[in-house]
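Novice: this is the structure alone, sequence omitted:
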């Protein structure tokens with residue numbers, strides 16, 4: 001099939017590349033010339049394991065192409081996917097749909113033959129209805145459907161190729177056969193093809209992310225109780241996660257959730273509900289608790305190092321919101337590091353995905369190019385992101401300061417082993433000894 005992905009951000013680039021890899025002819029279109037230039041050279045603008053290789057493979061096979069010519073991309077495709085950003089509006093919970101609507105107006109301008117228009121971007125309930133209003137003058141040329149993505153950063157290629165489910169929402173049932181054919185290589189491997197109304201698909205995406213965010217927040221709050229009651233939160237996670245009705249995924253205590261989806265989608269769901277005069281009190285509590293989580297974990301550094309942090313050398317291992325991605329959106333580090341800087345601490349950080357522009361103007365904050373250089377003179381090492389290379393560090397060997405401490409926000413290390421090595425160690429939701 002001939003597909004067009006408008007927007008080469010995370011969703012558009014991963015989906016477009018993977019669609020090409022299962023045999024489709026795909027054009028990825030974006031107005032950002034630098035981004036398209038890089039992609040034509042086989043360089044992905046985002047960090048995602050395996051994506052560079054997949055781009056090069058399908059580009060060379062001429063199944064995948066990149067362009068800034070939106071008109072050419074639209075006119076030469078049968079199915080057009082909207083993959084532009086839907087961020088939260090500043091100072092509110094509302095979703096900014098301006099990029100979506102602007103994209104639709106361009107599609108309208110360049111379309112002269114019948115097309116399927118697919119919203120891949122995460123949008124509130126009823127957005128498809130608003131899109132149809134934009135197309136009312138050429139209504140007969142467009143079938144507007146919703147096909148939300150469920151890609152985890154760091155595991156996006158696998159999630160595309162082996163999805164739990166493929167959700168397609170349409171008010172015209174005849175379109176399901178076309179979408180089933182598009183996804184047939186994945187369905188044949190056992191993926192569930194789930195059909196619903198267009199509004200149903202829009203809400204499924206928000207509801208899924210809100211529920212997962214709730215699980216993370218729930219276990220984080222329980223971790224606070226575990227610390228006070230001398231119970232190991234990992235036992236609680238295993239104990240409740242073994243119940244098939246609950247499941248063990250997203251029950252690992254740690255920092256606040258972040259990234260491109262959970263923060264904006266929980267807010268977007270609450271905002272949508274308020275338009276219908278519905279109070280989503282549980283989701284509101286999740287948003288509030290997650291925000292407070294960042295402050296709680298930050299202030300605990302005072303308990304470890306004392307009230308005066310001036311000239312204390314604090315080294316961060318990982319600053320992205322999760323491993324195997326360069327995504328900094330709503331990462332705990334974005335609040336933690338500037339706070340420590342204002343308190344006079346000297347901060348260094350190492351992240352496998354490279355130096356971050358977000359910390360360029362933070363006073364006394366320095367990027368180091370490896371673990372050893374980062375931790376060498378540390379008073380405190382903060383394990384923030386669970387990259388694999390952080391899981392087997394011999395701290396005694398690399399840290400010169402004899403009285404260093406470790407603050408492990410991902411519970412990567414064994415408490416008793418750290419005790420045997422005479423390392424002052426702090427973790428999340430666990431008693432001081434197992």
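Specialist: Okay, I see it. Predicted model only: the values in this text are computed from it and were never measured. Numbering: from 1, shown residues only.

Novice: contacts and neighbour counts: CA atoms only from here.
Specialist: Fine.

Novice: for this protein, just list every one of the strands.
Specialist: All strands of the chain, identified by DSSP state E, fall at 2-6, 25-29, 64-67, 79-82, 115-119, 142-146, 165-169, 192-196, 313-317, 346-350, 365-367, 380-383, 405-408, 424-426.

Novice: want to throw those strands into a markdown table with mean neighbour count?
Specialist: Formatted as a markdown table, the strands of the chain follow (neighbours: other CA atoms under 10 Å):
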| stretch | mean neighbour count |
| --- | --- |
| strand 2-6 | 26 |
| strand 25-29 | 26 |
| strand 64-67 | 23 |
| strand 79-82 | 24 |
| strand 115-119 | 22 |
| strand 142-146 | 23 |
| strand 165-169 | 22 |
| strand 192-196 | 16 |
| strand 313-317 | 25 |
| strand 346-350 | 23 |
| strand 365-367 | 19 |
| strand 380-383 | 24 |
| strand 405-408 | 21 |
| strand 424-426 | 19 |
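
Novice: and this protein, what are its domains?
Specialist: As assigned by automatic domain parsing, the chain contains the domains 2-196, 206-287, 294-426.

Novice: okay, these in TSV with mean pLDDT next?
Specialist: Converted to TSV, those look like this (pLDDT from 0 to 100):
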stretch	mean pLDDT
domain 2-196	96
domain 206-287	97
domain 294-426	97
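
Novice: what's the nearest residue to residue 111 if we skip its chain neighbours?
Specialist: Nearest residue to residue 111, sequence neighbours excluded (CA to CA, 6 or more residues apart in numbering): residue 75, at 6.3 Å.

Novice: just to check, the one you found is in contact with residue 110?
Specialist: Yes: in this structure, residue 75 is within contact of residue 110 by CA atoms under 8 Å, at 6.7 Å.

Novice: that older thread, and the strands of the chain: which comes nearest residue 253?
Specialist: The closest of these to residue 253 is strand 405-408. By CA to CA, the value is 11.2 Å.

Novice: which strands and helices sit next to that closest one?
Specialist: On a contact count with 3 or more CA pairs under 8 Å, 6 or more residues apart in numbering; DSSP states H and E, strand 405-408 meets strand 380-383, strand 424-426.

Novice: now what about it, what contacts it?
Specialist: The contact list for strand 405-408, computed with CA atoms under 8 Å, 6 or more residues apart in numbering, reads 379, 380, 381, 382, 383, 384, 423, 424, 425, 426, 427, 428.

Novice: need the longest helix for the protein.
Specialist: Ranked by residue count and defined by DSSP state H, the top helix of the chain is helix 198-229.

Novice: which strands or helices does that helix pack on?
Specialist: If you count contacts as 3+ CA pairs under 8 Å, 6+ apart, helix 198-229 packs onto strand 142-146, strand 165-169, helix 233-241, helix 262-275, helix 281-305.

Novice: deepest in the core, which of the ones you listed is it.
Specialist: Mean neighbours per residue, mean count of other CA atoms under 10 Å, is largest over the helices and strands packed on helix 198-229 for strand 142-146, with a mean of 23.

Novice: what's the angle from that one to strand 115-119?
Specialist: Calculated by axes from the mean of the first three to the mean of the last three CA atoms, to 10 degrees, strand 142-146 forms an angle of 30 degrees with strand 115-119.

Novice: report the distance from strand 142-146 to the chain centre.
Specialist: How far strand 142-146 lies from its chain's middle: 26 Å, per CA atoms, centre = their mean, to the nearest Å.

Novice: quick one, that strand and strand 165-169 angle?
Specialist: Angle of strand 142-146 versus strand 165-169, following the same axes, to 10 degrees, is 140 degrees.
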